[in-house]
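# when you get a sec, could you give me coordinates for this:
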Amino acid sequence: MTEILRISGKNLGEFALPEFCPRCAWLKLKTHNRLPYQIFPGIFSSIDSYTKHVVHGWIDKHGDLPTWLSKLGPIIGYIPPPHHSQFQLELPNYGILLTGAPDGMLKLVDGTIAIIDYKTAKYTANQDKLLPMYEVQLNAYALIAERRDFGEVSKLALVYAEPVTDAETAAQPTIHSPDGFAMQFSVSVHPVELNMDRLAPLFIRAREIFDLPAPPPGRPGCEDCARLHSLLNWMPR
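This is a model prediction of the structure:
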């Protein structure tokens, strides 16, 4: 029986990156993306979660979007983001279970929904080298949402929250409180093209690599492959 490949929308998006490496992808798939020596600071997840609470709290109180998100509206509400266990899709043709956890699902006045993803990062428009990955991630969320009857998706967007850290802002007395200090964020909204057709070739590629009995050759010049090779040379024979 063919083993089901469980892959998140974000990990699928790595297959669309210009510097994609088949060998690294095989290793990640075979280890279920649990690579050694990897530490992801939890603060970024905390900030993304806080942004979500800020937006939902504003909608609950005012019935519309904050000004810095207004280009996504008008809205009539939001769908509480489902847990990843409730937001997944079986794709029998590929032997894949596609998973995800959208940050925001907004209910628009025309009856469709907009899916957004928060990024605590500096907005650099198309200069962001990870943009292809994020675009695939959001389109994967759109596919899951429509197939699981959350609604028709009409908009996708990345919401970049960039910390404002200049000295002048840090010197303002208003940022201080008796128990600490506040940090401001500058928000930029980057619309993403809705194009779920782009996912099929990535499903095929992911399945092909996952089914290989041994890792394929790496991308020439891949720095991660070079580090792994160096590490293996240090291991006792």
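# for the longest helix seen in the chain, name the packing helices and strands.
As assigned by DSSP state H, the longest helix anywhere in the chain is helix 42-62. On a contact count with 3 or more CB pairs under 8 Å, 6 or more residues apart in numbering; DSSP states H and E, helix 42-62 meets strand 75-79, strand 113-119, strand 153-163. Every residue, glycine included, has its C-beta placed from N, CA and C.
# what pairs with the last one, and is each one parallel or antiparallel?
Looking at strand 153-163 with DSSP bridges, its paired strands and their directions are strand 113-119 (parallel), strand 185-192 (antiparallel).
# could you give the mean pLDDT of it?
Averaging pLDDT along strand 153-163 gives 94.
# can you show me the CA trace of that strand as PDB?
The C-alpha trace of strand 153-163 is given here as PDB (Å, rounded to 0.1, in the frame of the first residue of the first chain):
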ATOM      1  CA  VAL A 153     -12.500  32.000  -1.800                       C
ATOM      2  CA  SER A 154     -12.200  35.200  -3.700                       C
ATOM      3  CA  LYS A 155      -9.100  36.900  -2.100                       C
ATOM      4  CA  LEU A 156      -5.800  35.900  -0.700                       C
ATOM      5  CA  ALA A 157      -3.300  38.200   1.000                       C
ATOM      6  CA  LEU A 158      -0.200  38.300   3.100                       C
ATOM      7  CA  VAL A 159      -0.200  40.800   6.000                       C
ATOM      8  CA  TYR A 160       3.300  41.900   6.900                       C
ATOM      9  CA  ALA A 161       3.600  43.400  10.400                       C
ATOM     10  CA  GLU A 162       7.000  45.100  10.700                       C
ATOM     11  CA  PRO A 163       8.200  46.200  14.100                       C
END
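# how far out from the middle of the chain is that strand?
Centroid separation for strand 153-163 versus its chain: 10 Å, with CA atoms, centre = their mean, to the nearest Å.
# then stretch 224-237?
30 Å.
# low-confidence ranges in the protein?
For the chain, residues meeting the criterion pLDDT under 70 lie at 1, 125-127, 237.
# tell me where it has helices.
Remark: helices assigned in the chain by DSSP H are 9-13, 22-30, 42-62, 131-147, 167-170, 199-210, 223-234.
# using TSV, lay out those together with mean neighbour count.
Shown next, in TSV, are the helices of the chain (neighbours: other CB atoms under 10 Å):
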stretch	mean neighbour count
helix 9-13	23
helix 22-30	18
helix 42-62	14
helix 131-147	22
helix 167-170	10
helix 199-210	17
helix 223-234	11
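# do you know which of those helices lies nearest residue 96?
helix 199-210 (5.8 Å; CB to CB).
# can you list contacts of the closest one?
Helix 199-210 is touched from outside by 3, 5, 7, 12-13, 15-16, 22, 25-26, 29-30, 91, 94-96, 136, 139-140, 143, 216, with contacts defined as CB atoms under 8 Å, 6 or more residues apart in numbering.
# if you set the cut-off to 6 Å instead, what comes out?
Helix 199-210 is contacted from outside by 5, 7, 12, 15, 22, 25, 26, 29, 94, 96, 139, using CB atoms under 6 Å, 6 or more residues apart in numbering.
# just send those residues back as JSON lines, with distance to residue 54 too.
Shown next, in JSON lines, are the contacts of helix 199-210 (distance: CB to CB, whole Å):
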{"residue": "5", "distance to residue 54": "36"}
{"residue": "7", "distance to residue 54": "30"}
{"residue": "12", "distance to residue 54": "29"}
{"residue": "15", "distance to residue 54": "33"}
{"residue": "22", "distance to residue 54": "40"}
{"residue": "25", "distance to residue 54": "35"}
{"residue": "26", "distance to residue 54": "40"}
{"residue": "29", "distance to residue 54": "35"}
{"residue": "94", "distance to residue 54": "37"}
{"residue": "96", "distance to residue 54": "34"}
{"residue": "139", "distance to residue 54": "26"}
